[in-house]
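> Provide a 3D model corresponding to the input given below.
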Amino acid sequence: MTFIALDDEPLALVLIRKFAQDVPEWTLLDTFTDAAEASLFLQNNTVDLLLSDINMPDINGLQFVRDLPDERPMVIFVTAYKEHAHEGFNLDVVDYLVKPVSPERFKKALQKAADLLDLRRRAETNALPPADEHFFVFSEYQQVKILVKDILYMESMGDYVKIFLASQTKPVMTLERLKNFAERLQSKGIRRIHRSFLVNDSKVEAMQKSKVKVGGVWLPVGEAYSSLN
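Numbers count the residues shown, from 1 in each chain. Reported below is the predicted structural model:
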């Protein structure tokens with residue numbers, strides 16, 4: 001697993017480097033005190049995990065993560081402020097560490113990220129081929145069969161995807177990237193309308209310029225996808 005760290009306090013980055021040395025299979029690629037430099041590095045390199053402070057002089061870490069592209073790395077916040085925990089977890093981060101962080105707590109958080117990465121890679125390895133009329137996803141400790149024709153829409157939730165089905169009220173949540181479903185299901189009439197949503201064309205009930213109605217729910221249409229209506 002590869003990761004980078006962003007913190008305006010150099011001492012905090014020194015500690016992260018020290019902790020990372022104890023687990024050689026976790027590769028700390030670089031550390032940054034400047035958010036713009038960290039953002040540029042993420043644009044040009046493959047990174048599995050981002051460790052980020054929250055209260056920084058140039059940008060708030062919460063906003064930094066919000067501004068990252070949809071296919072962002074996993075995120076762990078490392079901060080001295082407990083009060084941002086709820087908002088942090090709303091961004092689907094892996095963990096939230098409050099300074100001072102012990103080596104044990106640090107390793108526990110990164111192990112959680114490594115486990116999630118392993119699950120994601122296994123899911124991608126076993127992902128459906130384009131022509132399948134059904135596929136299986138891992139959800140709630142079991143393999144769940146999904147019929148393509150039963151899909152209403154899919155919603156990205158960070159490192160997870162919620163699959164809403166016509167046959168049941170509760171969505172199926174699985175550890176997967178929306179991008180992977182978009183690539184493999186586009187030939188089946190499942191198309192992207194927003195960076196966070198895919199819809200089944202055959203299930204669309206109504207359309208407006210900036211939204212579509214599927215399964216009784218209005219979903220936003222992103223500007224980049226509005227020409228698809």
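
> ok, then the element right after the longest helix along the chain?
Ranked by residue count under DSSP state H, the longest helix found in the chain is helix 103-125. Using DSSP states H and E, the helix or strand that follows helix 103-125 towards the C-terminus is strand 134-139.

> In whatever helix or strand comes next after that following strand, which residues are buried?
Counting by DSSP H and E, the element after strand 134-139 in chain order, helix or strand, is strand 142-147. Applying a neighbour-count criterion of 16 or more other Cβ atoms under 10 Å, one finds residue 146 buried in strand 142-147. The C-beta positions use only the backbone N, C-alpha and C, and glycine is treated the same way.

> so what secondary structure elements neighbour strand 142-147?
Contacts defined by 3 or more Cβ pairs under 8 Å, 6 or more residues apart in numbering; DSSP states H and E place strand 142-147 against strand 134-139, strand 172-175.

> rerun at 10 Å
Under the contact criterion of 3 or more Cβ pairs under 10 Å, 6 or more residues apart in numbering; DSSP states H and E, strand 142-147 touches strand 134-139, strand 160-165, strand 172-175.

> Tell me which stretches of this protein form helices.
According to DSSP H, the helices that the chain contains are 10-21, 35-44, 61-66, 85-89, 103-125, 178-185.

> Could you export those as CSV, including distance to residue 4, mean pLDDT and mean neighbour count?
Output for the helices of the chain, formatted as CSV (distance: least, Cβ to Cβ, whole Å; pLDDT from 0 to 100; neighbours: other Cβ atoms under 10 Å):
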stretch, distance to residue 4, mean pLDDT, mean neighbour count
helix 10-21, 10, 92, 15
helix 35-44, 6, 92, 14
helix 61-66, 12, 90, 18
helix 85-89, 18, 72, 15
helix 103-125, 13, 85, 15
helix 178-185, 21, 89, 18
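
> what's the closest of the ones you listed to residue 144?
Across the helices of the chain, residue 144 has its closest neighbour in helix 103-125 (12.1 Å, Cβ to Cβ).

> okay, the angle between the closest one and strand 160-165?
40 degrees (axes from the mean of the first three to the mean of the last three Cα atoms, to 10 degrees).

> so residue 159 sits right up against residue 117, yeah?
Yes - Residue 159 lies in contact with residue 117 (Cβ atoms under 10 Å); the separation is 9.1 Å.

> Quickly list what's touching both of the two.
Common contacts of residue 159 and residue 117, defined by Cβ atoms under 10 Å, 6 or more residues apart in numbering, comprise 73-74, 94, 175.

> Let me know the pLDDT of the nearest residue to residue 218 once chain neighbours are set aside.
Distances taken as Cβ to Cβ, 6 or more residues apart in numbering place residue 211 nearest to residue 218, at 4.9 Å, with adjacent residues excluded. pLDDT for residue 211: 91.

> Alright, that wraps it up for me.
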